[in-house]
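> sequence first, predicted model second:
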Amino acid sequence: MAILNFGSLNIDCVCAVEHIVQPGQTIDSTSFTRFPGGKGMNQSLALARAGGTVYHAGMIGSDGEFLRALLLESGADCTWLKTVPGSSGTAFIQVDQKGQNSIVLVGGANRANTPEYCDQVLSGFGNQDMLLLQNEINQLPYLVDRAYEKSIPIALNPSPMNEAVLACDLSKIFLFIMNEDEGCRITGETQPERILERMHTLYPQAQVVLTLGSQGSVYSGNGQRIHQKAYPVTAVDTTGAGDTFTGYLLAGMARGDSMEQCMKEAAMASAIAVTRQGAASSIPTRAEVLAALQEA
Ligand code: RIB
């Protein structure tokens, strides 16, 4: 099964800081690095490094050719990736000494998607494929509606959560991969169990994966409930950990692996990612993930 990932690509401008800057403060950074990133791009890289067949669609500016090059090098298909005038998406990221981050996005080319371009890309895919979406591009509700019309199963990572996600017809989603905060914004519930229950009431068609940080993750769907522990590691940079989880999970599902195995590999891949700096650059290969699982 091929996965079309229609998503963002960013240039991540990362400052290492002692603590995340507070309102009214000016602080020094201890380093500054430009990394490849963007939730869409990170998830495509994770899919490709996990051995999945992934087509990445989206837009970069003239400064973003290195993002295309990295996707190609990792094995993602970039036939549909388009270069447009202007700048690529940019993320201004602070990473503190505990590896926690705060992120400000500038949409750039990620906001240049048009209905015509979406139709053109979707014309190459059908019900044997899968569409993966996040929320860093424009046209999200349009993509959901058109893909659903074409019977393409849609997996949604509703991140970052804002009104564009809530403007989508979420009854058209077959798989949600989300964190507690996103689950809370969709359901109004705060407890993980209540979020899952409410999701199944609101969207009975959907399977749900809820990530819980150091508490691991839960899969709920098809009458099955799987609790996956988080593998303990010392965090250096948590940026892109959720994207790594999503990519590995979907690659496993596309391969037809059991949900237990998909969750296990996704958890280990994201654990490895947080021990490394950067988002895209921190994503491990499947060989690394399988070796680490053998040792765990
Ligand atoms: O999820 C991590 C990503 O969020 C970063 O790579 C950054 O680009 C932002 O989009």
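Here it is on my side, so go on.
> for the closest residue to the ligand within the chain, give the beta-bridge partners.
The nearest approach of the chain to the ligand comes at residue 37, 2.6 Å away (C-beta to the nearest ligand atom). Just so you know, the C-beta spots here come from the backbone N, C-alpha and C atoms, and that holds for glycine as well. As for beta bridges, residue 37 partners with residue 10 under DSSP bridges.
> would you map the strands across the stretch 101-250 of the chain?
101-106, 130-133, 154-156, 175-179, 207-211, 217-221, 224-228 (DSSP state E, counting those that start in this stretch).
> mind putting these into TSV with mean pLDDT and distance to the ligand?
Compiled in TSV, the strands of the stretch 101-250 of the chain are given as follows (pLDDT from 0 to 100; distance: least, C-beta to the nearest ligand atom, whole Å):
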stretch	mean pLDDT	distance to the ligand
strand 101-106	96	5
strand 130-133	98	14
strand 154-156	98	15
strand 175-179	98	11
strand 207-211	98	12
strand 217-221	98	16
strand 224-228	97	20
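> of all the ones you listed, which one is nearest residue 1?
Evaluated with C-beta to C-beta, the strands of the stretch 101-250 of the chain place strand 130-133 nearest to residue 1, the distance being 6.0 Å.
> that closest one: how far from the chain's middle?
Averaging C-alpha positions (C-alpha atoms, centre = their mean, to the nearest Å) puts strand 130-133 11 Å from its chain's average.
> can you give me the neighbour number for residue 30?
Residues near residue 30, counting by other C-beta atoms under 10 Å, number 10.
> tell me the pLDDT at it?
What the model reports as pLDDT for residue 30 is 95.
> shouldn't it be in contact with residue 19?
No - at 11.4 Å, residue 30 and residue 19 do not qualify as touching, with contact defined as C-beta atoms under 8 Å.
> pLDDT below threshold where in this structure?
Along the chain, no part satisfies pLDDT under 70.
> where exactly do the helices run in it?
Under the criterion DSSP state H, the chain contains helices at 39-49, 65-74, 115-122, 140-149, 163-166, 180-187, 192-202, 241-255, 259-274, 286-295.
> do you know how far residue 283 is from residue 261?
Between residue 283 and residue 261 the computed distance is 19 Å (C-beta to C-beta, to the nearest Å).
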